[in-house]
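> A structural model of the following input is requested.
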Amino acid sequence: MLPTSVIVRLSSLVGRLRRIARQGWERISAIVDPGWQSLRGYVYRRPVRSLASRILLLQVSWAITVYLMVSVGLWWGTAHIIEQSLQRQALGWLTKADELGTPLYATADHTEVQTHLEYLGNIPEILSVHYFDAGGHELVHQYWREGAEGRGVPWLSEEEMAQLRANDSTEKPILFMKDGDAATFRVSAPLWIKSLRSDGLLDFSMDMAAPEVVQTIGFITMRLDYGRFNAEFVKNALRVSAAIALLLVLFMLLGRLVIRWALQPLASLEAPLVRLANGETDVQVESSGDREIAQIGRALNTTISALRERDETLRRMASQDPLTGLSNRGYFDEALQDELAAIERQGGSSALLFIDLDRFKQINDSYGHAAGDRLLVQVAELLRGRMRECDLIARFGGDEFTVLVRGVTHHGATEIAASLIHLMQEFQFHEAGEIVRIYFSIGVALIDDPTCSAHQILLHADAAASEAKRRGRNRFHVYEQDALVLGGEPGWRKRLQDCLDVDCLLLNFQPVIDLVSGSITSHEVLVRLPDGKGGVMAPGAFLADAERYGLVGEIDRQVVRKTLQVMAAAETDTVFSINLSQQTLEDDSFTPFVIQQLQHYGVAPQRLMFEVAEQVLNRHFERVRVQLDALAACGVAVVIDDFGAGFASLGYLKRCAASCIKIDGQMLAALKNDKLDQIAVRAIAETAAARGIRTVAKFAPDRQTLQLLGKLGIDCAQGNLISPPEAAVGIAAELREAWLKKA
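Down below sits the predicted model:
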């Protein structure tokens, strides 16, 4: 068990430390709280913006933590040391007062003792000294420092006297007690006199337990004031704390500089990374400095280079034809719209040349598609060499090219077209040791009317090119409303309109046969126009002009009406297919018209098919897709005509609701001798069969090709070899039967 004096001293020490800690914490809080609240507001309201800021914040937090720990340790340790020192001093003063005050209990004259006690006045910490009798209830003598008399006599309690009377050891018990005021405390001890035992004088023995007799004659209490020490301690502690805080601030500032210096190579990556995140690829990252940063820089530069190459490739793919390197159709359409906007703002005129290669089909048929590709590349180079840098040349699709000639009049456009015709007349295409002559058919449309759309201008140029082909090819034709420039017929539009008004269109029918059974599966409806001389005109002679004049839609409607009349009168459920123009496919009222006519004539929609050329799908797929889906929804079948002429033919089988495809005749011209064409036809047949789509081969040149088509998986065939178009369904069927007998 610990001695009572030790317990008392520990209790006093704990109380002292609590007071010091509370005072220190109040002062620290007054200093730290405003900064801490600001720091919390910064953390919770403003995000850390960079790695350097995050590290600096951690540094500040750690520095404050260290500062608080050091300050608390300093205050507690210093207070403990001072407490121990003061207690040792108090014991010394108490011992001296004990020696000086013992005579008080032997004599009634206290004058001399009071004189001796006056020296205590030189010790400012001693407020008073009180001597009590052995009972602790009477005051024997007291000493007061000047000005301290009003504090009252510190009488001892019974419990305190019991602790001081303990005489179980040779060590005098000492009590340290609080005195109410935080800056004062009391020290109390008993006054002892010692004497030898009477028998100890004669029979002294080392084994004797207590050779001396200890007697308590009174008690002494000393009241001490350590306010001066506390004030000095607090002042010095604040100085030390301020010095430590200053050192920590200097450390943080130096650490901030060191951190920024250390992170400078990493921070230098921020600007290029921000530009890269904003989509810029024209960025170069410094790949020097620390090894890790250099590795990051090299990796970023490699990534940026790959992104630049990817973007450049995507730009080329989006705007260039992969074969010739010319602009593609999408880019050309945008440029044409921009040119129209510029002419609307600034005035002036430009021209659009629509160029179609003559005899390109024969090149593909005779020498293969690779030769056709080489021809297209050479023609592209010829056009580049002839046109100006400000002009835009594009491959519009297949063997068609378009040229946007900027800043030219009607005369300048015709001169350029004539020079291109002359340039092509001098061109020689060398293939398989042979020299082949290739010519141009050019349609010219002047761009001087801002109210005309880009689509209309393309139609004008396309119609002019068709007219040039009709007039014998190797020439150009300039589009002008209601007039033909090169020897045309000024009344051609009126003539077409009159034919429609009197309903004089003629229908021809060509059967489609099943290659396995030889039965007729359907008839294609072909339109003819009387020539006024007892003969008829083929579609190529008037449909382009009808489209140019906006009459082709009415022609399609009359063909539908006449076909349904034939179907209603027929005794069989033969299926008929009708070709539709682009204008009709873009007419939202056409589908309701078809439904109304089917109901009027009582014809099942499953007996009617509509054919759309793949070239129309290739150019205007999104515009005509809605119409095709609407027709398919009402039960009418959709057929893709001239399939295989484009570059992405198989893709339309997934995107278009077609139930049948008709393979372009160009692919069949040399089919029996061309392995590549056979592979292509087989691929088309297998893909179509997988999607439940029937295949029809058009214009097979001979019986061997027809037999080969059956082996390649083609379902049906159509063409003049089987039966040419005839004015009556029965005649066409008879010709088909005659052909089968010959076979």
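> what's near enough to touch L420?
Going by C-beta atoms under 8 Å, 6 or more residues apart in numbering, L420 touches L353, I355, L383, R386, F440, I442, F476. From N, CA and C alone the C-beta is placed, and that goes for glycine too.
> and the fifth one, bridged to which residues?
In this case it means F440. Judged by DSSP bridges, the bridge partners of F440 are L357.
> re earlier: restricted to helices, list the contacts of L420.
Among the contacts of L420, DSSP state H puts L383, R386 in helices.
> in JSON lines: the contacts of L420, plus pLDDT and distance to I393.
As requested, those are exported to JSON lines (pLDDT from 0 to 100; distance: C-beta to C-beta, whole Å):
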{"residue": "L353", "pLDDT": "95", "distance to I393": "9"}
{"residue": "I355", "pLDDT": "93", "distance to I393": "9"}
{"residue": "L383", "pLDDT": "92", "distance to I393": "5"}
{"residue": "R386", "pLDDT": "89", "distance to I393": "9"}
{"residue": "F440", "pLDDT": "87", "distance to I393": "13"}
{"residue": "I442", "pLDDT": "93", "distance to I393": "13"}
{"residue": "F476", "pLDDT": "90", "distance to I393": "16"}
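> could I get the contacts of L420 as JSON lines with neighbour count?
Output for the contacts of L420, formatted as JSON lines (neighbours: other C-beta atoms under 10 Å):
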{"residue": "L353", "neighbour count": "26"}
{"residue": "I355", "neighbour count": "27"}
{"residue": "L383", "neighbour count": "23"}
{"residue": "R386", "neighbour count": "15"}
{"residue": "F440", "neighbour count": "27"}
{"residue": "I442", "neighbour count": "28"}
{"residue": "F476", "neighbour count": "26"}
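> let me know the closest of the contacts of L420 to A97.
Distance to A97, by C-beta to C-beta, is smallest for L383 among those, at 123.9 Å.
> quick one: that closest one and L375, what's the gap?
Using C-beta to C-beta, to the nearest Å, L383 is found at 13 Å from L375.
> again with L326
Using C-beta to C-beta, L326 is found at 14 Å from L375.
> quick one on the thing from earlier: what is the nearest of the contacts of L420 to Q704?
The nearest one, if we look at those relative to Q704 and count by C-beta to C-beta, is F440, at 35.0 Å.
> where does the chain have its least confident helix or strand?
Between all helices and strands in the chain, the lowest mean by mean pLDDT, DSSP states H and E belongs to strand 483-484, at a mean of 42.
> how's this protein carved up into domains?
4-196+209-232, 283-317, 324-490, 511-526+561-742 (automatic domain parsing).
> export the ones you listed to a markdown table and tack on distance to P539?
Listed next are the domains of the chain as a markdown table, based on distance: least, C-beta to C-beta, whole Å:
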| stretch | distance to P539 |
| --- | --- |
| domain 4-196+209-232 | 71 |
| domain 283-317 | 37 |
| domain 324-490 | 11 |
| domain 511-526+561-742 | 7 |
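> quick one, which of the ones you listed gets closest to V258.
It's domain 4-196+209-232; of the domains of the chain, that one is closest to V258 (C-beta to C-beta) at 9.8 Å.
> spell out the residue ranges of the strands in the stretch 51-200 of the chain.
Secondary structure of the stretch 51-200 of the chain by DSSP state E, counting those that start in this stretch: the strands cover 126-133, 139-144, 175-179, 181-196.
> next: the stretch 601-743 of the chain.
Counting by DSSP E, counting those that start in this stretch, one finds strands in the stretch 601-743 of the chain at the ranges 608-613, 637-643, 660-663, 694-698, 716-718.
> return the most buried member of those strands.
strand 660-663 (a mean of 28; mean count of other C-beta atoms under 10 Å).
> tell me the pLDDT of the most centrally placed residue in the chain.
The chain has A277 as the residue nearest its centroid, 9.4 Å off, counting by C-alpha atoms, centre = their mean. For A277, the pLDDT comes out at 73.
> and if you look at R607?
If you check R607, the pLDDT there is 92.
> likewise for S268?
pLDDT, S268: 72.
> number of residues surrounding it?
Neighbours of S268 under the rule other C-beta atoms under 10 Å: 16.
> any idea how far it lies from I259?
From S268 across to I259, the span is 15 Å (C-beta to C-beta).
> for the stretch 301-450 of the chain, what spans make up the helices?
329-346, 360-367, 369-386, 410-425 (DSSP state H, counting those that start in this stretch).
> those helices: lowest mean pLDDT?
For the helices of the stretch 301-450 of the chain, where the average pLDDT is lowest is helix 360-367, sitting at a mean of 78.
> could you pull up phi and psi at H523?
Dihedral angles of H523 (phi, psi; degrees, to the nearest 10) stand at phi -130, psi 130.
> need the pLDDT of the closest residue to it other than its chain neighbours.
What sits nearest to H523 in space, not counting adjacent residues and going by C-beta to C-beta, 6 or more residues apart in numbering, is F509, at 4.4 Å. Each residue has a pLDDT score; the one for F509 is 91.
> part of a helix, is F509?
No. Looking at F509 with DSSP: H, G, I helix; E, B strand; the rest coil, it is strand, so not inside a helix.
> what's across from it in the sheet?
F509 has the following beta-bridge partners by DSSP bridges: V525, E726.
> in stretch 589-600, what's buried?
F590, T591, V594, I595, Q597, L598 (16 or more other C-beta atoms under 10 Å).
> scratch that, stretch 563-570
T563, L564, V566, M567.
> also stretch 454-471?
Within stretch 454-471, the residues that count as buried by 16+ other C-beta under 10 Å are 454-455, 457-469, 471.
> and the residues you listed, which of them are in strands?
For the buried residues of stretch 454-471, not one is inside strands, with DSSP state E as the criterion.
> what's the longest helix in this protein?
Ranked by residue count and defined by DSSP H, the top helix of the chain is helix 51-101.
> that one to strand 126-133, inter-axis angle?
40 degrees (axes from the mean of the first three to the mean of the last three C-alpha atoms, to 10 degrees).
> give me the mean pLDDT for helix 51-101.
Helix 51-101 carries an average pLDDT of 75.
> helices or strands next to it in the packing?
Helix 51-101 is packed against helix 4-45, helix 111-117, strand 126-133, strand 181-196, strand 212-225, helix 227-267, with contacts defined by 3 or more C-beta pairs under 8 Å, 6 or more residues apart in numbering; DSSP states H and E.
> what lines up beside the third one in the sheet?
The reference is to strand 126-133. Strand 126-133 sits in its sheet next to strand 139-144 (antiparallel), strand 212-225 (antiparallel), going by DSSP bridges.
> so which of those strands is the most surrounded?
Per-stretch averages of neighbours, counted by mean count of other C-beta under 10 Å, single out strand 212-225 among the strands paired with strand 126-133, with a mean of 19.
> so how far is that strand off the chain centroid?
Distance of strand 212-225 from the chain centroid (C-alpha atoms, centre = their mean, to the nearest Å) equals 88 Å.
> let's see it as CSV, backbone CA atoms only.
The C-alpha coordinates for strand 212-225 follow below in CSV (Å, rounded to 0.1, in the frame of the first residue of the first chain):
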residue,chain,number,x,y,z
GLU,A,212,13.7,5.7,19.8
VAL,A,213,10.3,7.0,21.0
VAL,A,214,8.5,9.5,18.7
GLN,A,215,6.0,11.9,20.2
THR,A,216,3.7,14.3,18.3
ILE,A,217,3.6,17.6,20.1
GLY,A,218,1.7,19.6,17.5
PHE,A,219,1.1,20.3,13.8
ILE,A,220,2.4,22.8,11.4
THR,A,221,0.6,24.1,8.3
MET,A,222,2.3,26.2,5.7
ARG,A,223,0.2,28.0,3.0
LEU,A,224,2.1,28.7,-0.2
ASP,A,225,1.3,30.9,-3.2
